[in-house]
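>>> test case, fold it:
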Amino acid sequence: MSNRSESRALGRLQSFDQRNLSAGFDEGSPGVEMALSIVLPGASAFKRKPLTAVALLTLGILAPAAGVAWAYANRNDLIGLALDSTVLVGVVAVGLVAVVARLLAVAEVASAYRRRPGIGGRTLVATAVVVALSAPVLLVAFRANEARMAVADVFAADSGPALFTPDGDNPVDPAAVTNILLLGGDGGPGRFGSRTDTMILVSMHEASGRTSLVSIPRNLTSLRFPPGTPMADDFPNGFTDLANAVFPFVSANDALLDHYGRSGLQPEAVALSEGIGYSLNVEIDDYALVNMQGFLEVIDAIGGVDIEIGQALPMPGSIPGAKYELPATLGPGLVHLDGTLAIAYVRSRAADSDYERMGRQRRLLSALGSQVSVTEAIGGFSRITADLDDSLRSSLSAGKFSSLLDRLGESESIHESIGLSPPLITPGSPDYDVIRGITGSVERAVVSGGSSGYAG
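Prediction:
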């Protein structure tokens, strides 16, 4: 065969092979491949671009699946995960990457079939489907980002040194017990300078998990402050107003705000923590401040709480943030409290006294801890994210706040619950030596597992 003939034959063979390859490629369906790309991004690209296919499958399927598996493995600490800024950033990133991976997979198919008639319309439809199906993912990512910003505002990046440490002899080794001051303000959203009508010292023994609750009366007088501090200089013989008035006093004084706010924490809470720590001779490691309106929203978000009421309890005339008119009384018997009724329950003084009210505050706190499930807490967290920044402040890191919730959520861990009230003390004329003896006994009891002799 001549060279010319051989060249013509090879040309025809090459042309035949190209037509066959082209025909084989054209047998594919861009619509089917785009649909597959939405479900399994990159799966249809394995023959064309295997590395691209692996990358898209990893980002679009394996990464989200790994995230879900990790969350399931840590399901017993879902509250901690929900309050962890790093986790929330991860949720946002994984959600967005999963969406982008599908859009890139659709684009890859569109590029491969770019010469096919009607490919533009199929691409638009596939893109619209990805966007529509991704709406829930994008909403979760958006909510997680909101939560991340709220967590950054509400909690400290990491719990720092103790707010107050006694100079003298401590009743227990400070490293063995963590003391957190829970404060309830009577203001609404954003009003963190309000009076703290609720003050509860939570002492947690780290080794055993035992926890004690000590209510501090709002009308405690002559609160002492550490020598050399501005409040001690202003009140060398003790604070001349009720203890719950420390917040508004500090709020109205720029010099005090500057001094106590240098750490970046709530200055009023730091000043009050020093006063309570010094007066009671206990180390105050951290504080958590919840405004009443925020507390109301939290209880509504978790579906309420059940409380046993021994006798009919008259309701106050009104409370901040009430969502409806209060009934005349609550109880007797087992009563389901939503946020409005719960705030009314802990604020009522018509039937008894401030000291009985302190007991109701501790009972409500214990009931919340024992009745709220992890699922309810997570659902509630997502609902109150928008209000979190206006309702809660804490020197705790998000992780340590989660641990506090865990402790309060285990009713069997509440070792003792007492109130500094008559006949134990006289708030209007307090003997701080007696008070320090009581709180010291409570701390020793939570460490030893015995009784302080004051629980009731």
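>>> am I right that P136 falls within a strand?
No - counting by DSSP: H, G, I helix; E, B strand; the rest coil, P136 falls outside a strand, being helix.
>>> my read: R195 touches G185, true?
Yes - look at R195 against G185 with CB atoms under 8 Å: they come within range, at 6.8 Å. In short, each C-beta sits where N, CA and C put it, glycine included.
>>> what's around T127, how many residues?
When counting by other CB atoms under 10 Å, one arrives at 17 neighbours for T127.
>>> from P41, how far off is it?
As judged by CB to CB, to the nearest Å, T127 and P41 stand 13 Å apart.
>>> just the CA atoms of stretch 212-230, as CSV, please.
Only the C-alpha atoms of stretch 212-230 are listed here, as CSV (Å, rounded to 0.1, in the frame of the first residue of the first chain):
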residue,chain,number,x,y,z
SER,A,212,-24.6,24.0,97.5
LEU,A,213,-26.9,27.1,97.1
VAL,A,214,-26.8,30.0,99.5
SER,A,215,-29.3,32.8,99.1
ILE,A,216,-28.2,36.3,100.0
PRO,A,217,-31.0,38.6,101.1
ARG,A,218,-31.5,41.7,98.9
ASN,A,219,-32.0,43.8,102.1
LEU,A,220,-28.7,42.8,103.6
THR,A,221,-27.2,46.0,105.0
SER,A,222,-23.6,47.3,105.8
LEU,A,223,-22.0,45.2,103.0
ARG,A,224,-18.3,45.4,103.5
PHE,A,225,-15.7,45.8,100.7
PRO,A,226,-12.0,44.9,100.6
PRO,A,227,-9.7,47.5,102.1
GLY,A,228,-8.0,49.8,99.6
THR,A,229,-10.8,49.5,97.0
PRO,A,230,-12.9,52.5,95.9
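>>> buried stuff in that stretch?
Across stretch 212-230, burial judged by 16 or more other CB atoms under 10 Å covers 212-218, 220-226, 229-230.
>>> so where's the stretch 1-150 of the chain shaky on pLDDT?
The model of the stretch 1-150 of the chain has pLDDT under 70 over residues 1-28, 71-72, 74-86, 88, 138, 140-150.
>>> rerun at 80
Counting by pLDDT under 80, the ranges of the stretch 1-150 of the chain that qualify are 1-28, 67-68, 70-92, 134-150.
>>> still on that earlier bit, now, among the buried residues of stretch 212-230, which is nearest to A301?
Nearest to A301 out of the buried residues of stretch 212-230 is L213 (CB to CB; 22.9 Å).
>>> partners of whichever strand or helix holds that closest one in the sheet?
Per DSSP states H and E: L213 is located in strand 211-215. When pairs are called by DSSP bridges, strand 211-215 turns out to pair with strand 196-205 (antiparallel), strand 414-419 (parallel).
>>> identify the contacts common to R195 and G185.
Contact criterion CB atoms under 8 Å, 6 or more residues apart in numbering; residues shared by R195 and G185: F247.
>>> of the two, who's got more company?
G185 (28 against 18).
>>> count of neighbours near the residue lying closest to that one once chain neighbours are set aside?
Using CB to CB, 6 or more residues apart in numbering and skipping residues adjacent in sequence, the residue nearest G185 is S194, 4.0 Å away. S194 has 21 neighbours, counted by other CB under 10 Å.
>>> where does S194 land on pLDDT?
At S194, the model reports a pLDDT of 76.
>>> relative to A269, how far out is it?
12 Å.
>>> mutual contacts of the two, please.
F247.
>>> next, the distance between the ends of stretch 33-53.
13 Å (CA to CA, to the nearest Å).
>>> could you list the buried residues of it?
33-38, 40-45, 53.
>>> pretty sure N170 contacts E283?
Yes - N170 is in contact with E283 according to CB under 8 Å; the separation is 6.9 Å.
>>> okay, the two: which has more neighbours?
Using other CB under 10 Å as the criterion, N170 and E283 rank with E283 on top: 21 against 16.
>>> can I take it that P166 is in a helix?
No - P166: not assigned to a helix; according to three-state DSSP it is coil.
>>> circling back: tabulate the strands paired with strand 211-215 (TSV), appending distance to V250 and mean neighbour count.
As requested, the strands paired with strand 211-215 are exported to TSV (distance: least, CB to CB, whole Å; neighbours: other CB atoms under 10 Å):
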stretch	distance to V250	mean neighbour count
strand 196-205	11	23
strand 414-419	25	22
